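1. could you work out the structure for the sequence below:
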Amino acid sequence: MTAEDVARRAGVSRSAVSRTFTEGASVSEATRLRVLKAASALGYRVNRLAQRLGRERSSLVGVLASNLSTPYMATHLDALSQALLQQNLQCLLINAVDGDSNVSRLIDLILEFRVRAIVVISVTPPSAIIRECVANGVPIVLVNRLTENAHADTIVTDDAGGARLAAERLIKAGCRRPVIVSSATASQMRRVEAATAAFSKAGVDPILWSRGPSRYETGSQAARELLAAHDVDGAFCVTDLLALGFIDTARVAGRRVPEDISVVGFHDTPQASWLSYRLTTIRQPVDDLIGAIMRALQRKPGPRKPLKTVLPLELVERETVRKR
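-> From the prediction side, this is the model:
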């Protein structure tokens, strides 16, 4: 939709539409309301880029993500932005700092820049805004968001399978008093549920600990509380960052890793391989994930069957789990 389309529908001039969407410009209240009503009906968004982009496909790809400072997200955004540049595309990154509560508003903001496509990481947009994106010719790719939406391409890693691998490795190490440490995001809860089921199948009843954000400090808090109250011999931390905090605090408390406590993380972030940790973890394949996103972005625009991709995970054996 263009400003001319809005002007025709509202029965006003093109300049009246421009003034309506220009801060501080003079326009009557009656005209402003007519223009806004027409724009809403047409799905019109203000073009914040050069006017020549109004009739062309932009080189911008909107990326909506949260927790940008975590090693996991930083690694993925770095790889994604590089892959976009290699295809002569640019990354318009929006920080979803408030999570799902403002995702519709943030996607509205992205659409104002006439993006070619939108990649959503860490949050789940409502179905209505996904349909609106598709109706306006903007494909949307959801990463690690489980949804039944029939309009979006989805790419997910097999979190449940990875969590089972983690639990099975701790069981093989002889852990009979394990804990599962997590925060409260949807993807983490899938890992918690799958790991719990794997432990239960082996006759092991894990202790569940879930609170706070997915940060190093949260893993440290978990270790302080759990080691003071329980005779823990193993821990599955559903992110590497939680695992690193857990390990450092366990060591300060006089517990040896892995001799006293075996620890498995999740993600295989760069810090997991540092010599001070050598963390056994579940690897999410960054290259495979970015490749799947780029394939989705390179699909032809227009009506199409949504792409559904599930990526397998693998256990990376290092030095934080007892050998058996």
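2. now the helices for this protein?
-> Shown for the chain, the helices assigned by DSSP state H span residues 3-10, 14-20, 29-42, 71-86, 103-111, 127-135, 159-172, 186-201, 216-229, 240-252, 286-297.
3. okay, those helices, which one's buried deepest?
-> Scoring the helices of the chain by mean neighbour count under mean count of other CB atoms under 10 Å gives helix 240-252 as the most buried, with a mean of 24. Glycine gets a C-beta too; all of them are placed from N, C-alpha and C.
4. quick check: Leu89 touching Arg116?
-> Yes: between Leu89 and Arg116 there is a contact under CB atoms under 8 Å: 7.0 Å.
5. nearest to Val264, out of the helices of the chain?
-> Checking the helices of the chain against Val264 by CB to CB gives helix 159-172 as the closest, at 4.3 Å.
6. between the closest one and helix 186-201, how many degrees?
-> 40 degrees (axes from the mean of the first three to the mean of the last three CA atoms, to 10 degrees).
7. who are the neighbours of helix 159-172, in terms of helices and strands?
-> Other elements packing on helix 159-172 under the criterion 3 or more CB pairs under 8 Å, 6 or more residues apart in numbering; DSSP states H and E are helix 186-201, strand 234-237, strand 262-267, strand 280-283, strand 314-316.
8. by mean pLDDT, flag the weakest helix or strand of this protein.
-> Among the helical and strand segments of the chain, the one scoring lowest on mean pLDDT, DSSP states H and E is helix 127-135, with a mean of 81.
9. sorry, back to before: out of the helices of the chain, the one nearest Thr320 is which?
-> Per CB to CB, nearest to Thr320 of the helices of the chain: helix 240-252, 6.8 Å.
10. about what we covered before: shared neighbours of Leu89 and Arg116, which are they?
-> By the contact definition CB atoms under 8 Å, 6 or more residues apart in numbering, Leu89 and Arg116 are jointly contacted by Ser59, Leu60, Val61, Leu297.
11. whichever of those residues end up buried, select them in PyMOL.
-> A single PyMOL command selects the buried members of those (16 or more other CB atoms under 10 Å):
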select buried, resi 60+61+297
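12. let me have the shared contacts of Leu89 and Arg116 in JSON lines, extended by pLDDT and distance to Val192.
-> Output for the shared contacts of Leu89 and Arg116, formatted as JSON lines (pLDDT from 0 to 100; distance: CB to CB, whole Å):
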{"residue": "Ser59", "pLDDT": "85", "distance to Val192": "40"}
{"residue": "Leu60", "pLDDT": "91", "distance to Val192": "37"}
{"residue": "Val61", "pLDDT": "94", "distance to Val192": "32"}
{"residue": "Leu297", "pLDDT": "91", "distance to Val192": "32"}
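13. what's the closest of the shared contacts of Leu89 and Arg116 to Val46?
-> For the shared contacts of Leu89 and Arg116, the nearest to Val46 is Leu60 (14.6 Å; CB to CB).
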